[in-house]
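1. test case, fold it:
(chains A and B)
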Amino acid sequence: MSEIKITLPDGSIRQYPKGTTGMQIAQSISEGLARVVLAAKVNGEVWDLSREIHHDADFQLFKWDDKEGKSTFWHSSAHLMAEALEAIYPGIKLGIGPPIENGFYYDIDFGLYNFSTDDFDKVEKKMIELAKTNSEYIRKPISKKEAIAYFTEKQDPYKIDLLKDLEDGKITFYTQGNFTDLCKGPHIPHTGHIKAVKLTATAGAYWRGDEKQKQLTRVYAITFPKKSELDEYLVLLEEAKKRDHRKLGKELELFTFSNKVGQGLPLWLPKGADLRGRLQNFLMQKQKEFGYEQVISPHIGHKQLYITSGHYEKYGADSFQPIHTPAEGEEFLLKPMNCPHHCEIYKSKPHSYKELPIRYAEFGTVYRYEQSGELHGLTRVRGFTQDDAHIFCRPDQVREEFNNVIDIVLYIFKTLKFDNFIAQVSLRDKSDRSKYIGSAENWERAENDIIEATKAKGLPTVVEYGEAAFYGPKLDFMVKDALGRSWQLGTIQVDYNLPERFELEYIGSDNKAHRPVMLHRAPFGSMERFVAVLLEHTAGRFPLWLTPEQYILLPISDKFQEYSEKVFHILKKYDIRGSIDARSEKTGRKIRDAEVQKIPFMLIAGEKEMAEGTVSVRQHGGEDLGAMKVEDFVQLIQKTVIKELQN
RNA sequence: GCCGUUGUAGCUCAGUGGUAGAGCACUUCCUUGGUAAGGAAGAGGUCGUGAGUUCAAUUCUCACCAACGGCUCCA
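-> Here you go, the predicted model:
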């Protein structure tokens, strides 16, 4: 019998008989490893451990701790759940059941059955019961014809639909216990690895993600190889919920919503408005350094403006309906975008090539009629303020301008410690070009501009086709919230189209009219969404420079009220923000309340402090910095703020 | 917009076919207290809105509205 060479990740090479399985290799390494190993990677492809290896291969084993191990585990769990569901609800039709970031789901057509959260319990029990049988996941290649015959017999239209797109000869079935599914695998060795199961949610999901297709019931679940890991996961979920910006926004009195005002229309409370204003000033100052000029445009604009820009044709039907003037019968739209206004500002006078780039910035509030089901706290609303700006430049300036905008975004992200972002390059749909306006040539140029700039900056990048705006490609900065959902914050877009639609011009050195290029950009994205994500990242403990209340003075008793006010006025002179807790409560109580409010510094003022002109400083979280002169506290704040903003 | 869940005091949540309760917050009084909740009293709700069933609905049914979890969408 011939031998094959297996190269392990550490570079060592071992000889095995041809046809050795991944499991056998694991066993040859150690029995303990063989008990916990879930899948293998053979020449870059994740395989079942039971598959025979017939050629020399680079080889790696995956356990639960590995990303590949988890996804294989959850993929197999999805099959187990399908088996359990079929046992309880005979005749249900199955869609797809993939692993996801935290667990897995299966899309099911329950037919006439009602399935709700009340049924989770019995499904979980059934899954555990089936898992205990230690059923192996058995792989079987099958011809397309046989596969279709199988699912025709089973009357499962969704699997047949899937099979239509698969290539004959590459189709496999997997069977465990009494359940067989169309699946390319791989799977874990047997169901016995699955020890803890939790169904987490149900949701409607259109078949193949298409609104026009039938909506199936998506059942979300997660499984673990140990019961204790499930418990840990549930605790983690609870912790994440505490960081939810909707909860923190209410607790810290930053913003609220009112049904009487309307869905998705946030109301900023004084503290939230203060924080937001501070963020805006922070960005405005940076933008000044980069040569931006502030402009202001009104909240409504003539409908024709948006017809010219192309927005009306694309989004008019899904927007707030036009406002009609009584006398003239004119139509105005609530501003959904700032760019057309800025184009008109550009056109207010002729421009020379020497003036470019011109950078118009505006914290412009825009209104979009988002679908009701899509509204979500502050991250998806119907009225929001973009930290918008439009750069009008010559084609030869695009690259540099683009790089400068990236620098602004990175400066902001760095200052606020957003280190887990992904730069998403959003390009046209490869197959459907009809969704976009503008010439192919302009698109090519714009797409290349973005790809090149991103490469030059060495950003962590992912390319997504079909995610571009209808007028141009984008570079979006994606950041995750407390529950792991990705949100688009900063965005930069190259646009050759609007300048044409608005017939923008500048006079070149050749004394002829030329078309400028436009960059749309918003480093925060929207103030609403940015504050939401910032809240979740900081868990409400904002940096000192940004937080609405930097300190709170806690007089030990009424006797020190006057002294506290004196301190308060000194601090105010230095622009240090805070208040006095003048309630007739004990100090312990005042500290507790200040802790709950996440105020960075608590200044205790009593007999000793009044005599010495000091305050006793306690930091949020409990650290006691001891007594210090008021001037020293001023210094402490100022130095901390400078340090936070240094970058 | 679609599927599912939920809607009781400012907040977090009990509860019932006979028009409601707790804790915290709030108000007043007592207390003047040194690093995470001092004490007492009081006030506060058309039980999301509308309709139906019923002698009687906060409770059961339906519709609508909103929030939440997803799907689709996101200039």
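2. confirm for me that residue A:494 is in contact with residue A:521.
-> No: between residue A:494 and residue A:521 there is no contact, the gap being 9.7 Å when judged by C-beta atoms under 8 Å. Any C-beta I mention is one placed from the backbone N, CA and C, and that applies to glycine too.
3. which residues in the stretch 101-250 of chain A form helices?
-> Along the stretch 101-250 of chain A, counting by DSSP state H, counting those that start in this stretch, helices occupy A:120-131, A:144-153, A:157-164, A:227-242, A:245-251.
4. closest point of the stretch 101-250 of chain A to RNA strand B, which residue?
-> Closest approach between the stretch 101-250 of chain A and RNA strand B, counting by C-beta to the nearest atom of the strand: residue A:204, at 2.5 Å.
5. that residue contacts residue A:213, correct?
-> No: applying C-beta under 8 Å as the test, residue A:204 and residue A:213 come out as separate, 11.6 Å apart.
6. how far away is the residue of the stretch 251-400 of chain A at minimum distance from RNA strand B from residue A:264?
-> Going by C-beta to the nearest atom of the strand, RNA strand B is nearest to residue A:373 of the stretch 251-400 of chain A, at 2.2 Å. Here residue A:373 is placed at a distance of 11 Å from residue A:264 (C-beta to C-beta, to the nearest Å).
7. more neighbours, those two?
-> Between residue A:373 and residue A:264, counted using other C-beta atoms under 10 Å, residue A:264 has the larger neighbour count: 23 against 7.
8. next one: phi and psi at the residue lying closest to the more buried one once chain neighbours are set aside?
-> Sequence neighbours aside, residue A:382 is the residue nearest to residue A:264 in space, at 3.7 Å (criterion: C-beta to C-beta, 6 or more residues apart in numbering). Dihedral pair for residue A:382: phi -100, psi -20, per degrees, to the nearest 10.
9. touching, residue A:382 and residue A:371? I think so.
-> No: using C-beta under 8 Å, residue A:382 makes no contact with residue A:371, being 10.0 Å away.
10. more neighbours: those two, which one.
-> Per other C-beta under 10 Å, whichever of residue A:382 and residue A:371 has more neighbours is residue A:382, with 19 against 9.
11. list the contacts of the more buried one.
-> A:262-265, A:320, A:367-370, A:375 (C-beta atoms under 8 Å, 6 or more residues apart in numbering).
12. tell me which stretches of the stretch 301-450 of chain A form strands.
-> With strands called from DSSP state E, counting those that start in this stretch, the stretch 301-450 of chain A shows them at A:323-324, A:331-334, A:358-367, A:383-393, A:422-427.
13. and the gap between residue A:118 and residue A:199?
-> In terms of C-beta to C-beta, residue A:118 sits 11 Å off from residue A:199.
14. the two: which is more packed in?
-> Legend: neighbour count by other C-beta under 10 Å for residue A:118 and residue A:199, higher for residue A:199 (22 against 8).
15. surely that one is in contact with residue A:220?
-> Yes: the pair residue A:199 and residue A:220 passes the contact test of C-beta under 8 Å, sitting 7.1 Å apart.
16. how many other residues sit next to residue A:389?
-> Using other C-beta under 10 Å, residue A:389 has 28 other residues around it.
17. hey, what's it bridged with?
-> For residue A:389, the beta-bridge partners are residue A:361, residue A:521 (DSSP bridges).
18. tell me the contacts of it?
-> A:287, A:292, A:359-362, A:520-522.
19. what's the closest of the residues you listed to residue A:614?
-> For the contacts of residue A:389, the minimum distance to residue A:614 (C-beta to C-beta) is 40.6 Å, reached by residue A:287.
20. which parts of the stretch 451-600 of chain A are helices?
-> For the stretch 451-600 of chain A, helices defined by DSSP H, counting those that start in this stretch occupy the ranges A:498-501, A:527-538, A:561-573, A:587-596.
21. between these, which gets nearest to RNA strand B?
-> helix A:587-596 (3.3 Å).
22. pLDDT on the helix or strand just after that closest one, on average?
-> Using DSSP states H and E, the helix or strand that follows helix A:587-596 in sequence is strand A:601-605. Averaged across strand A:601-605, the pLDDT comes to 97.
23. give the next helix or strand downstream of strand A:601-605.
-> helix A:607-612.
24. how about the residues of the stretch 401-550 of chain A near RNA strand B?
-> Within the stretch 401-550 of chain A, the positions adjacent to RNA strand B are A:469-470, A:483, A:485, A:493, A:520 by C-beta under 7 Å from any atom of the strand.
25. ok, these vs residue A:594, which is closest?
-> Distance to residue A:594, by C-beta to C-beta, is smallest for residue A:483 among these, at 28.2 Å.
26. dump the residue contacts of that closest one.
-> A:240-241, A:244.
27. so who does residue A:527 touch?
-> Taking C-beta under 8 Å, 6+ apart, we find residue A:527 in contact with A:276, A:279-280, A:363, A:384-387.
28. 6 Å instead, please
-> By C-beta atoms under 6 Å, 6 or more residues apart in numbering, the residues touching residue A:527 are A:276, A:385.
29. if we ignore the residues flanking it in sequence, what's nearest the most centrally placed residue in chain A?
-> Centrality entry for chain A: nearest residue to the mean C-alpha point is residue A:486, 1.3 Å, by C-alpha atoms, centre = their mean. The spatial neighbour of residue A:486 that comes closest, neighbours along the chain excluded (C-beta to C-beta, 6+ apart), is residue A:478 at 4.9 Å.
30. the one you found touches residue A:424, doesn't it?
-> Yes: if you go by C-beta atoms under 6 Å, residue A:478 and residue A:424 touch, sitting 5.3 Å apart.
31. how about residues contacting stretch A:533-553?
-> The contact list for stretch A:533-553 (C-beta under 6 Å, 6+ apart) reads A:243, A:245, A:248, A:252, A:271, A:274-275, A:278, A:479, A:481-482, A:487, A:564, A:568, A:576-581, A:594, A:598-603, A:640-641, A:644-645.
32. what is the burial count for the residue of the stretch 401-550 of chain A at minimum distance from RNA strand B?
-> Nearest residue of the stretch 401-550 of chain A to RNA strand B: residue A:469, at 3.5 Å (C-beta to the nearest atom of the strand). Neighbour count of residue A:469, defined by other C-beta under 10 Å: 20.
33. what of residue A:293?
-> Residue A:293 is flanked by 13 other residues according to other C-beta under 10 Å.
34. who does it bridge with?
-> Going by DSSP bridges, residue A:293 is paired in beta bridges with residue A:360.
35. among the contacts of residue A:389, which two are most distant?
-> Maximum pairwise distance in those, criterion C-beta to C-beta, is 14.4 Å, between A:287 and A:520.
36. ok, those two, which is more surrounded?
-> Using other C-beta under 10 Å, the more surrounded residue of residue A:287 and residue A:520 is residue A:520, with 24 against 18.
37. follow-up on the earlier one: dump the strands of the stretch 301-450 of chain A into TSV; add mean pLDDT as well.
-> Formatted as TSV, these follow (pLDDT from 0 to 100):
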stretch	mean pLDDT
strand A:323-324	90
strand A:331-334	93
strand A:358-367	97
strand A:383-393	97
strand A:422-427	94
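38. just name the most buried of those.
-> Stretch with highest mean neighbour count among the strands of the stretch 301-450 of chain A: strand A:383-393 (a mean of 24; mean count of other C-beta atoms under 10 Å).
39. got the angle for that one vs helix A:527-538?
-> 100 degrees (axes from the mean of the first three to the mean of the last three C-alpha atoms, to 10 degrees).
40. with just CA atoms, put strand A:383-393 into PDB.
-> What follows is strand A:383-393, C-alpha atoms only, in PDB (Å, rounded to 0.1, in the frame of the first residue of the first chain):
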ATOM      1  CA  GLY A 383     -34.900  62.400  10.800                       C
ATOM      2  CA  PHE A 384     -31.200  62.600  11.300                       C
ATOM      3  CA  THR A 385     -28.200  64.900  11.000                       C
ATOM      4  CA  GLN A 386     -25.400  64.100   8.700                       C
ATOM      5  CA  ASP A 387     -21.900  65.500   9.300                       C
ATOM      6  CA  ASP A 388     -22.000  66.100   5.600                       C
ATOM      7  CA  ALA A 389     -19.500  67.800   3.300                       C
ATOM      8  CA  HIS A 390     -19.000  67.900  -0.400                       C
ATOM      9  CA  ILE A 391     -15.600  68.400  -2.000                       C
ATOM     10  CA  PHE A 392     -15.500  69.800  -5.500                       C
ATOM     11  CA  CYS A 393     -12.100  69.200  -7.100                       C
END
